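[1] fold the following.
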Amino acid sequence: MTSKGYSEVHYIWYTSGMNKIIFLPDYSEGLRSELSSSIEQWNKELMVLLPNLPDDIIIEFDNNQLIQGYGTGGTAWDLRTLKLGYDPNFGANPEDLIKELRAIYFHEIYHLVRKFSFITTPNDLPALTNAIEEGVATKFEMVHGGGMPSYGKCEERNTMLDWLEEVKALPDGFDYDWEHWKFFDPETGRQWILYKVGVFIVDELLKNNPKLSIKSVVFLDAEKIFKFSKL
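    Presented below is the predicted three-dimensional model:
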């Protein structure tokens, strides 16, 4: 993630579903209107796709959440709060940027429904569980959110199997360079290892259980996802 140094918040809006949206102070009125309308539409779509979708989510725009190299980003901060990054000065086509934000939003909402968030992550979380949780959210983002993220593109199968064994061997909790494994490892040049291992597991799960969909997987815990993947 990259920090843009924003700290003040001046604008708070509400959607018709009572979701609270907190905007950054340099967002124009037109951008605030477009983002709030988009979020309201996305929530309508998500209510059809996912059960138990909270109807009073707080959406806070915070550009500390921007993914490096992207104009957007996000985090399921707690079980009622999403933090979204959106940089209108990133240089991308605004329409493409909104589409990218939609995919991120679908990803983070999937986390919320699975009750997986930054604040509530257990201190002893296995690295494999972390990978699976990111994998299912990324797959949902790709299937239903229109996302095509680089962190969702797996390497060839033998590489993924090797990475899987490496992730399984990591200690529980965060007593390892988890940012290197989750985002970028400067020593090896590898990126998105936990994300890609998670997507690989989910792909195997869906391939080996054709009656399952990424929508129905929302009900399965990480242990069952890995078991049913047959890896």
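
[2] care to break the protein down by domain?
    As recorded under automatic domain parsing, the domains making up the chain are 11-113, 127-229.

[3] in contact with Met148, which residues?
    Contact analysis of Met148 by C-beta atoms under 8 Å, 6 or more residues apart in numbering lists Ala103, Met142. In short, each C-beta sits where N, CA and C put it, glycine included.

[4] so how many other residues sit close to the residue lying closest to Glu133 once chain neighbours are set aside?
    Excluding its sequence neighbours, the residue lying closest to Glu133 (C-beta to C-beta, 6 or more residues apart in numbering) is Phe116, at 4.8 Å. The tally of other residues near Phe116 (other C-beta atoms under 10 Å) stands at 22.

[5] which of the domains of the chain has the lowest mean pLDDT?
    The minimum mean pLDDT among the domains of the chain belongs to domain 11-113 (a mean of 90).

[6] right, and the residue nearest to Glu133 touches Thr75 too?
    No: Phe116 is beyond contact range of Thr75, at 11.0 Å (criterion: C-beta atoms under 8 Å).

[7] how far does stretch 173-193 sit from the chain's center?
    17 Å (C-alpha atoms, centre = their mean, to the nearest Å).

[8] Tyr110 versus the residue nearest to Glu133, what's the distance?
    Distance, Phe116 to Tyr110, by C-beta to C-beta, to the nearest Å: 9 Å.

[9] and if you look at Glu155?
    Separation of Glu155 from Tyr110 (C-beta to C-beta) stands at 23 Å.

[10] if we can go back for a sec, overlap in contacts, Phe116 and Tyr110.
    Common contact partners of Phe116 and Tyr110 (C-beta under 8 Å, 6+ apart): Ala137.

[11] and the domains of the chain as TSV, adding distance to Thr121?
    Shown next, in TSV, are those (distance: least, C-beta to C-beta, whole Å):
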stretch	distance to Thr121
domain 11-113	10
domain 127-229	8
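
[12] could you pull out the helices in the chain for me?
    29-49, 94-113, 127-144, 157-168, 178-182, 193-208, 222-229 (DSSP state H).

[13] please name the residues that touch the residue of the chain most remote from its centre.
    Residue farthest from the centre of the chain, counting by C-alpha atoms, centre = their mean, is Glu29 at 26.9 Å. If you count contacts by C-beta under 8 Å, 6+ apart, Glu29 has none.

[14] isn't Phe184 up against Gln191?
    Yes: counting by C-beta under 8 Å, Phe184 touches Gln191, with 5.0 Å between them.

[15] number of residues surrounding the residue nearest to Ile12 when sequence neighbours are not counted?
    In this structure, Ile12 finds its nearest non-sequential neighbour in Ile22, 5.4 Å apart by C-beta to C-beta, 6+ apart. By other C-beta under 10 Å, 17 other residues sit near Ile22.

[16] and for Gly73?
    Neighbour count for Gly73, taken as other C-beta under 10 Å: 23.

[17] what sits against it?
    Met1, Gln65, Leu66, Ile67, Leu84, Gly85, Ile104.

[18] beta partners of it?
    Gly73 has these beta-bridge partners by DSSP bridges: Leu66, Gly85.

[19] gap between it and Val143?
    20 Å.

[20] and what of Phe23?
    In terms of C-beta to C-beta, Phe23 sits 29 Å off from Val143.
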